[in-house]
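Visitor: Return atomic coordinates for the entry below.
(one chain, ligands or ions: 1)
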Amino acid sequence: MRPLLFAANWKMHIGPEDARAYFKTFRTRYQRHEGREAWFFPPALSVETAAQAVRERADMLVGVQDIYWEPKGAFTGAISAPLAVQAGARAALVGHSERRHVFGETDEDTRRKVAAALAADLAPVLCVGEKLAERDAGHTLAVVNRQLAGALGGLDAATLARITIAYEPVWAIGTGRNATPNDAAAVHKEIRAWLVARGAARTRILYGGSVNLKNAADLLAEHELDGVLVGGASLDPEAWAQLVQTAAA
Ligand code: PEP
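Guide: Numbering: from 1, shown residues only. So this is what the prediction gives:
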């Protein structure tokens, strides 16, 4: 069994002081469940505080929302994988739709970032997903396959096992509109087939896009989903604790 993964993407919210208060609440409201992990992706400035707050919980870890692929140098404003590790991060989101579509990140950029994360021993969480026009044109699977091949093509099975994939249809992120469990499962099956063809059956595949307390249990009842990546609904520690606690009960 792959452990269920509940990943919280705080985006540009929750500074270090608020992060301390967040974990105080979350840790008391969420008791450890066997076979369930909670990962947190705070803004980079809050990573160290967050990592300190979860250091005694083997079921929780903290990651960064983005890295630059060079390990060091004159790249003002960027964060490298080794710097993230120094601050306590153990994972990195790569290719989140906001990085791709707001900041212009390409498939080649995601390939370099996955490689940089792996080299620093950060677990990459590669986000893939189609835009609404691509879905309407029937191109969902072609887009997802292109993004997988662009970021992960050429990696062997052992390396693919260190990666998590998050399928996040762009039209469902932050819009309140989520894919049905069937919609999500159809794409997850395709991603699973891509991985299995490369010998990587254990790689986890998450779903993301307006997941909340109301829809999480239905989505997670779908066996193709190994967890969820959640933005807006992870910002309130009580509600997030309740979701992680109950969604897959
Ligand atoms: C995300 O940021 O990856 C995300 C899925 O956001 P939201 O849950 O707010 O749609």
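
Visitor: mind checking the longest helix of the protein?
Guide: Looking only at the chain and at elements set by DSSP state H, the helix with the highest residue count is helix 181-196.

Visitor: okay, now N9: neighbour count?
Guide: Applying other CB atoms under 10 Å, we find 26 other residues in the vicinity of N9. Every residue, glycine included, has its C-beta placed from N, CA and C.

Visitor: Residues in a beta bridge with it, which ones?
Guide: Counting by DSSP bridges, N9 forms beta bridges with F41.

Visitor: ok, it to the ligand distance?
Guide: Separation of N9 from the ligand (CB to the nearest ligand atom, to the nearest Å) stands at 4 Å.

Visitor: Same check on Q242?
Guide: The gap separating Q242 from the ligand is 15 Å, by CB to the nearest ligand atom.

Visitor: pLDDT averaged over the helix or strand containing that residue - what is it?
Guide: Q242 is part of helix 237-246, with elements assigned from DSSP states H and E. In this model, helix 237-246 has a mean pLDDT of 94.

Visitor: Point out the residues in the protein that sit beside the ligand.
Guide: Contact residues of the chain with respect to the ligand, defined by CB under 6 Å from any ligand atom, are listed as 9, 11, 168, 173-174, 208-211, 229-233.

Visitor: buried sites along the longest helix of the chain?
Guide: Of the residues in helix 181-196, those buried by neighbour count under the rule 16 or more other CB atoms under 10 Å are P181, D183, A184, A185, V187, H188, E190, I191, R192, W194, L195.

Visitor: Now do the contacts for the first one.
Guide: Contacts of P181 were listed using CB atoms under 8 Å, 6 or more residues apart in numbering, and they are D218, L219, A221, E222, L225.

Visitor: Quick check, pLDDT for it.
Guide: At P181, the pLDDT recorded in the model is 93.

Visitor: quick one: which helix or strand includes the nearest residue to R177 once chain neighbours are set aside?
Guide: Spatial nearest neighbour of R177, excluding adjacent residues (CB to CB, 6 or more residues apart in numbering): S210 at 6.0 Å. Assigning secondary structure by DSSP H and E places S210 outside every helix and strand.

Visitor: Which residue would be the closest one in this protein to the ligand?
Guide: When distances are taken as CB to the nearest ligand atom, the chain approaches the ligand most closely through G231, which lies 2.4 Å from it.

Visitor: before we move on, what SS does L126 have?
Guide: When the structure is split into helix, strand and coil by DSSP: H, G, I helix; E, B strand; the rest coil, L126 lands in strand.

Visitor: no wait, E37
Guide: Classification of E37 by three-state DSSP places it in strand.

Visitor: Now, the contacts of P181 that are in helices?
Guide: Where the contacts of P181 overlap with helices, as defined by DSSP H, the overlap consists of D218, L219.

Visitor: for the contacts of P181, which one is nearest D107?
Guide: L225 (24.2 Å; CB to CB).

Visitor: got the phi/psi numbers for the closest one?
Guide: Backbone dihedrals for L225, given as degrees, to the nearest 10, come out at phi -90, psi 130.

Visitor: That one: neighbour count?
Guide: Applying other CB under 10 Å, we find 23 other residues in the vicinity of L225.

Visitor: Over to T28?
Guide: In terms of burial, T28 registers 11 neighbours under the definition other CB under 10 Å.
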